[in-house]
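Peer 1: pasted the sequence and its predicted model underneath.
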Number of protein chains: 2
Amino acid sequence: MKAFYGDLKLGILGGGQLGRMLIQQAINYNVNIKVLDPDREAPCRKLCNEFVVGSLGDYETVYNFGKKVDLLTIEIEKVNVDALEQLEREGVIVYPQPRIIRLIQDKGLQKQFFKENDIPTAPFMVISSADQLKQSPFPYPYIQKLRRDGYDGKGVYRVTDETYLHKAFTEPSIIEELVDFEKEIAVIVARNEKGEVNTFPVVEMEFNPQANLVEFLISPSTLPFEIQQKADLIARKIAESLKIVGLLAVELFLTRDGEILVNEVAPRPHNSGHQTIEGNMVSQFEQHLRAIFNQPLGDTASINNAIMVNLLGEQDYEGPAVYKGMEQVLKCPGVYVHLYGKALTKPFRKMGHVTIVDADRGKAIEKAKFVQDTLKVIA
Amino acid sequence: MKAFYGDLKLGILGGGQLGRMLIQQAINYNVNIKVLDPDREAPCRKLCNEFVVGSLGDYETVYNFGKKVDLLTIEIEKVNVDALEQLEREGVIVYPQPRIIRLIQDKGLQKQFFKENDIPTAPFMVISSADQLKQSPFPYPYIQKLRRDGYDGKGVYRVTDETYLHKAFTEPSIIEELVDFEKEIAVIVARNEKGEVNTFPVVEMEFNPQANLVEFLISPSTLPFEIQQKADLIARKIAESLKIVGLLAVELFLTRDGEILVNEVAPRPHNSGHQTIEGNMVSQFEQHLRAIFNQPLGDTASINNAIMVNLLGEQDYEGPAVYKGMEQVLKCPGVYVHLYGKALTKPFRKMGHVTIVDADRGKAIEKAKFVQDTLKVIA
């Protein structure tokens, strides 16, 4: 491989906030970056060496983009994998590997993979039509998830009783036993080409039930050691079974009886790792770069308690974004605002995030609540 | 003023590494940035909304550039101040203020300002020709400095005896008593429009005598409290006397008899503050943005011992840069490499810096020495 500083051309499929924060980190290594995104106003547009507007799902577009880079990575899974596989055959390095993106794009294959590799996950059944819901072995309420293209809570359906059956997704999907969980937790794991594997400390999440998005995340977890260790080992096992090169975000449920079940995985930097920028020795973005460049993985240790709050567009506003309360929030020590370079807000759009650090965990939570109450994205 | 996120157009005079790291931070606030630099290969070229190639010293170029932005700042002092003053009269906000840039550009005026404001500094005399060296009131060796355009040790001359007189600078300069110092230290101070002032902890420096550049810097200082307090108060006093808006880097000597003397100041982010990126709650770049945007200043507290090592081009190499030892250095926990996006190396060119953090100060020093011995910029 060419030297990752300067000579090597890195292509990123997707020009959203994950790409943006990846570039922000890659600046430290003089990485020559080319980005493909369908939106000419994408967050990365002004921060890369070359920005190409085009469809991530189109074979020709992805293939032609990939032919001009040395190393290709993603910041979103919804990309044309056929093109990636062809590029790989033609010598372009693609990390994460196309076969892994293909597997993870499809929740049916993903769950199948967990099952085959003894990765604990909720019982599930793959179905190809809504009709098959009638054969569900699971009691109400259970969950229906589209096999493809679900994200941020979209493509997930809670089947509460039989009156809901006719509203259910008709596309290929999986149904899954509802997990009675106490907490959602996450582990980000990285693996490089040499096979070195490293995990970030376990984090705990809280969701906004209305937006169905991670809204409040706390790092590191204070759950008992055995539970954290179990989660950590599961994340390592998945990364090693997949032989992934790059980052893998593993979302897990801690059930009320102390079991850990994998919910889903994403082969890229992830919303559940944003707090690593200030909260850990290296960030998830730095770690992803180190992994795909086959460099030694960085030290993931927590520096401090860190809380991550997503900054979502307020419900009743649409238009050019205004960040109300910014000055009050910046007055607060240990508060880090990250805006994503999106000119327009709309309800629940991810416009940025804020990380709050404090050596005193209680104070960190207090400050996070203050930030949530104070900083509002309106128009 | 327009909202600093998005609407406001920030112009930066100079597109070097300081501008680059400023932009890297400004990404968090969606700042719309335009950069002027004479070098079309300048480190900022690919990271801003608009990059303009042109002379920083030319009135028309700076004026025309400035007319198209709302707020103008600098990353280098050597800019056309006449144009800045005209822009200011026409309503463009220029921070730091042009009158301060004009004062600091001229070491004669700078020293005069210190004298008039009771800022302790080495005794000096302003001279306009080499002939006046003969009237020096100072014993050999003493220092001759060009009034204008000296930087990184250039434009500084040590007058060791009368045989050197005919080699001395003939341009307007100052001569200064040689300070028998124990240590060079620095304080970075910020002031916003509201008049809020905040300092970073005192840092201690070691120079590379051959390159005459800061090469090794340690933060925070472990000098006695009284000395640090004295340095801190001097920095605050200068910022307040100048009524500067923005960052001011204050370089000081600690003399062998415990006196603190100001060496020189720079009204911008500075090499002596790079370690704040990882070592402090907010970085000097974040603080400069907060100051010029008239936002609350950030918390400058040290998070950890941090050592900053400049990454200079090795003496015998010129050409496309190769970073020898990169992998070994990345293996070392708490080591952060920052490359400046310069394709070509030459002897002593500043190609990047490395920050080393460790809770154990001795270990931090050990790691810094390892980095200095290991990471080499060759061609």
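Peer 2: That came through fine.
Peer 1: quick one: low-confidence ranges for the stretch 201-350 of chain A?
Peer 2: Low-confidence segments of the stretch 201-350 of chain A (pLDDT under 70): A:207-208, A:211-215.
Peer 1: who are the contact partners of A:K2?
Peer 2: A:L8, A:D70 (C-beta atoms under 8 Å, 6 or more residues apart in numbering or on different chains). The C-beta positions use only the backbone N, C-alpha and C, and glycine is treated the same way.
Peer 1: and the helix or strand where A:V189 lies, C-alpha only, in CSV?
Peer 2: A:V189 is part of strand A:181-191, with elements assigned from DSSP states H and E. Once non-C-alpha atoms are left out, strand A:181-191 reads as follows in CSV (Å, rounded to 0.1, in the frame of the first residue of the first chain):
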residue,chain,number,x,y,z
PHE,A,181,-34.3,-5.1,28.1
GLU,A,182,-33.1,-3.0,31.0
LYS,A,183,-30.6,-1.1,29.0
GLU,A,184,-29.2,-0.6,25.5
ILE,A,185,-25.5,-0.6,25.5
ALA,A,186,-22.9,-0.4,22.7
VAL,A,187,-19.3,-1.4,22.1
ILE,A,188,-17.2,-0.2,19.2
VAL,A,189,-14.5,-2.6,18.1
ALA,A,190,-11.8,-2.1,15.5
ARG,A,191,-9.7,-4.6,13.7
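Peer 1: identify the residue spatially nearest to A:A266, adjacent ones excluded.
Peer 2: A:A249 (4.5 Å; C-beta to C-beta, 6 or more residues apart in numbering or on different chains).
Peer 1: identify the bridge partners of the one you found.
Peer 2: A:A249 forms beta bridges with A:I188, A:A266, as assigned by DSSP bridges.
Peer 1: over to A:F181?
Peer 2: Partner residues in beta bridges with A:F181, using DSSP bridges, are A:T255.
Peer 1: SS state for A:N28?
Peer 2: Of the three states, A:N28 takes helix under DSSP: H, G, I helix; E, B strand; the rest coil.
Peer 1: before we move on, the earlier item: separation between the residue nearest to A:A266 and chain B?
Peer 2: Using C-beta to the nearest C-beta, to the nearest Å, A:A249 is found at 22 Å from chain B.
Peer 1: again with A:G313
Peer 2: Taking C-beta to the nearest C-beta, one finds A:G313 at 14 Å from chain B.
Peer 1: looks like that residue contacts A:K346 (just checking).
Peer 2: Yes: A:G313 lies in contact with A:K346 (C-beta atoms under 8 Å); the separation is 5.2 Å.
Peer 1: looking at these two, which one has more neighbours?
Peer 2: A:G313 (23 against 17; other C-beta atoms under 10 Å in any protein chain shown).
Peer 1: all helices for the stretch 251-379 of chain A, in order.
Peer 2: Assigned by DSSP state H, counting those that start in this stretch, the helices in the stretch 251-379 of chain A fall at A:276-279, A:284-292, A:326-330, A:361-374.
Peer 1: tell me the contacts of the residue in the stretch 151-300 of chain A that chain B sits nearest to?
Peer 2: Chain B sits closest to A:D299 of the stretch 151-300 of chain A, with a gap of 3.7 Å, by C-beta to the nearest C-beta. Neighbouring residues of A:D299 by C-beta under 8 Å, 6+ apart: A:M281, A:V282, B:P333, B:G334.
Peer 1: likewise A:D161?
Peer 2: A:Y140, A:P141.
Peer 1: any idea how far it lies from A:P141?
Peer 2: Separation of A:D161 from A:P141 (C-beta to C-beta, to the nearest Å): 8 Å.
Peer 1: okay, helices next: where are they in the stretch 1-150 of chain A?
Peer 2: Counting by DSSP H, counting those that start in this stretch, the helices of the stretch 1-150 of chain A are A:17-26, A:59-66, A:81-89, A:98-105, A:107-116.
Peer 1: how's chain A carved up into domains?
Peer 2: Chain A resolves into domains spanning A:9-94, A:123-177, A:181-378 when parsed by automatic domain parsing.
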